[in-house]
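J.: Give me a model of this one.
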Amino acid sequence: MTLGLRSLAKHIALAAIATVALMLAGIQLPASAAYAAEGDSVDSSVVTEHDSAHLEGHHHYLSSADRANDALLITEVKSALAEDGVAEESAIVVDCDHGRILLSGVMKSAADARHAGDIAAGADGVLAVKNQLTWH
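T.: As a prediction, this is how the structure comes out:
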């Protein structure tokens, strides 16, 4: 196995482990967001007892490695949000396009929305964060 394949295999294994952890924590990782094919649309929704969030996007990947890297970043950001607890009982959708994270949804407060953005920005490999979280 070459170094590139080992790295990809490691990222895929980490993504699988994180996905299971997120499922156990009650946070959804829509397959469409994690594995959008080149030129395919991403359609992700999350519903909680009081709120919902929906995101539609369109990604153009030049390689499956780019797509896998974005899926890994989504998983890392969702794991960090779940570990921190800021996203608990909040409807948040996380998307990534070429290392740029998009947060969308509804938080409990403005401070929680800012904190979620800071957590996303702190994840390894994240180039930028567009924080579209709202609060009530």
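J.: What ranges in this protein fall below the confidence cut-off?
T.: Counting by pLDDT under 70, the ranges of the chain that qualify are 1-50, 52-55, 57.
J.: all helices for it, in order.
T.: 3-25, 31-34, 64-84, 110-121 (DSSP state H).
J.: name the helices or strands packed onto the last one?
T.: When contacts are defined as 3 or more Cβ pairs under 8 Å, 6 or more residues apart in numbering; DSSP states H and E, helix 110-121 packs onto helix 64-84, strand 100-107, strand 128-135. Bear in mind the C-beta positions are built from the backbone N, C-alpha and C, glycine included.
J.: Between these, which one is closest to residue 122.
T.: With respect to residue 122, and counting by Cβ to Cβ, the nearest of these is helix 64-84 at 7.3 Å.
J.: and that closest one, C-alpha only, in PDB?
T.: The C-alpha coordinates for helix 64-84 follow below in PDB (Å, rounded to 0.1, in the frame of the first residue of the first chain):
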ATOM      1  CA  SER A  64     -12.400  10.900  -4.800                       C
ATOM      2  CA  ALA A  65      -9.600  12.000  -2.400                       C
ATOM      3  CA  ASP A  66     -11.000  15.500  -2.300                       C
ATOM      4  CA  ARG A  67     -14.500  14.200  -1.600                       C
ATOM      5  CA  ALA A  68     -13.100  11.900   1.100                       C
ATOM      6  CA  ASN A  69     -11.200  14.800   2.700                       C
ATOM      7  CA  ASP A  70     -14.400  16.900   2.900                       C
ATOM      8  CA  ALA A  71     -16.300  13.900   4.400                       C
ATOM      9  CA  LEU A  72     -13.500  13.500   7.000                       C
ATOM     10  CA  LEU A  73     -13.700  17.200   7.900                       C
ATOM     11  CA  ILE A  74     -17.400  17.100   8.300                       C
ATOM     12  CA  THR A  75     -17.000  14.100  10.600                       C
ATOM     13  CA  GLU A  76     -14.300  15.900  12.600                       C
ATOM     14  CA  VAL A  77     -16.300  19.000  13.000                       C
ATOM     15  CA  LYS A  78     -19.500  17.100  14.000                       C
ATOM     16  CA  SER A  79     -17.400  15.000  16.500                       C
ATOM     17  CA  ALA A  80     -15.900  18.200  18.000                       C
ATOM     18  CA  LEU A  81     -19.300  19.800  18.300                       C
ATOM     19  CA  ALA A  82     -20.700  16.600  20.000                       C
ATOM     20  CA  GLU A  83     -17.800  16.300  22.300                       C
ATOM     21  CA  ASP A  84     -18.100  19.900  23.400                       C
END
